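*Asks:* what would the 3D arrangement of this be:
(chains A, B, C and D)
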There are 2 protein chains.
Amino acid sequence: MQRTNFGEMACSIARTLDVIGEPWSPLILRDVWVGFNRFDQLQADLGISRKVLTERLDYLVERGILRREPYDRRPRYEYHLTERGIELLDLLIVMVGWGDKWLAGEAGPPVLYRHHACGEISNADLRCAHCGQPMHAGDVDPLPGPGAAV
Amino acid sequence: MQRTNFGEMACSIARTLDVIGEPWSPLILRDVWVGFNRFDQLQADLGISRKVLTERLDYLVERGILRREPYDRRPRYEYHLTERGIELLDLLIVMVGWGDKWLAGEAGPPVLYRHHACGEISNADLRCAHCGQPMHAGDVDPLPGPGAAV
DNA sequence: CAGGCAGAGTTCCTTGAGGGAACCCCAAAT
DNA sequence: ATTTGGGGTTCCCTCAAGGAACTCTGCCTG
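*Replies:* Okay, here's the model as predicted:
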């Protein structure tokens, strides 16, 4: 497909897409998160082609999102989230929130999340890490940062 | 490429990917957000093929993320975010946060965000919409929802 | 009125990524 | 010695992304 390389762009959105923007990658993360850690489990659950799954896993390991760990004396491996990978799950949580709100339709959300701290079924909201007030696109002004393009 | 259809899956992540998971779509949203509203502006800024840009814009309009508005008596159009689209920007904000943290390198983030409420340069954090405490992947238990697959 | 121009696509060709099925390799278990 | 099963490879086919050229429409200028 001769895809444009997003990783080179001076944009954190493009760079993040370079890591998990390919088809299937976020779903692979989701599956690893909920406990599908082995190749055949992932392949069966996702219905992804084995070839593409191999490519994606290798790439995610290379980018430090997943760790590949042997779990047997035979050459058997499990994939686990690294710290980077765990922090990427925030992205999935926000996707869930949006999908639940706008795409779930009559049937309602397929999965609900109970928050440990309060015990309630809830969704995530974006708050300013500094003051704790809501922080959405309309609540911020973008300005050039140190790594801005010349 | 004969891509698998994510929209049919009983998963809000997959459904959201069906809407903005294709290459370029998040970057188009970003550009429309920051004020590139016209075809040629988008094409020039992104360096995307005109053909693909046409397809993406049509698709995003069809899915209710963008609105197409004439701005002239001639057939000239601008693309603007709908409410759905604006709420999708949360996703971009989280991508920015992750990319800034893990991919910006020595140079630092290319763009910074000043939060209106407190005036500080900050990042977004995920909080429980119910109790306001942090809500990351490790802070929740998933359970089947009403729209769960059979 | 002819010609030019600019925005917004459309057409066409080439390349290469995703899908799918079959095949392979290795180490245990029988 | 053969089977089994996890974890990939290989091969072929289709279709999507890139890229450049082309089109269409209505204003603008001479």
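
*Asks:* tell me which other helices or strands the longest helix along chain A touches.
*Replies:* Selection of the longest helix in chain A by residue count, based on DSSP state H, yields helix A:83-103. Where contact means 3 or more Cβ pairs under 8 Å, 6 or more residues apart in numbering or on different chains; DSSP states H and E, helix A:83-103 is packed against helix A:12-20, helix A:25-34, strand A:111-115, strand A:124-128, helix B:12-20, helix B:83-103, strand B:124-128. Every residue, glycine included, has its C-beta placed from N, CA and C.

*Asks:* and the residue lying closest to A:Tyr113 once chain neighbours are set aside, what are its phi and psi?
*Replies:* Among residues not flanking A:Tyr113 along the chain, B:Val140 sits closest, at 4.1 Å (Cβ to Cβ, 6 or more residues apart in numbering or on different chains). The phi/psi pair for B:Val140 (degrees, to the nearest 10) reads phi -130, psi 150.

*Asks:* ok, B:Val140 - contacts?
*Replies:* A:93, A:113-116 (Cβ atoms under 8 Å, 6 or more residues apart in numbering or on different chains).

*Asks:* now those in CSV, with pLDDT and neighbour count?
*Replies:* Formatted as CSV, the contacts of B:Val140 follow (pLDDT from 0 to 100; neighbours: other Cβ atoms under 10 Å in any protein chain shown):
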residue, pLDDT, neighbour count
A:Ile93, 96, 19
A:Tyr113, 96, 24
A:Arg114, 96, 14
A:His115, 97, 22
A:His116, 95, 13
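
*Asks:* which of those residues lies closest to DNA strand D?
*Replies:* Set against DNA strand D, the nearest of these by Cβ to the nearest atom of the strand is A:Ile93 (25.6 Å).

*Asks:* the closest one touches B:Leu126, doesn't it?
*Replies:* Yes - judged on Cβ atoms under 8 Å, A:Ile93 makes contact with B:Leu126 at a distance of 6.2 Å.

*Asks:* pull up the overlap in contacts between these two.
*Replies:* Contact criterion Cβ under 8 Å, 6+ apart; residues shared by A:Ile93 and B:Leu126: A:124, B:135-136.

*Asks:* show me which of those is closest to A:Leu89.
*Replies:* Checking those against A:Leu89 with Cβ to Cβ, the nearest one is B:His136 at 6.9 Å.
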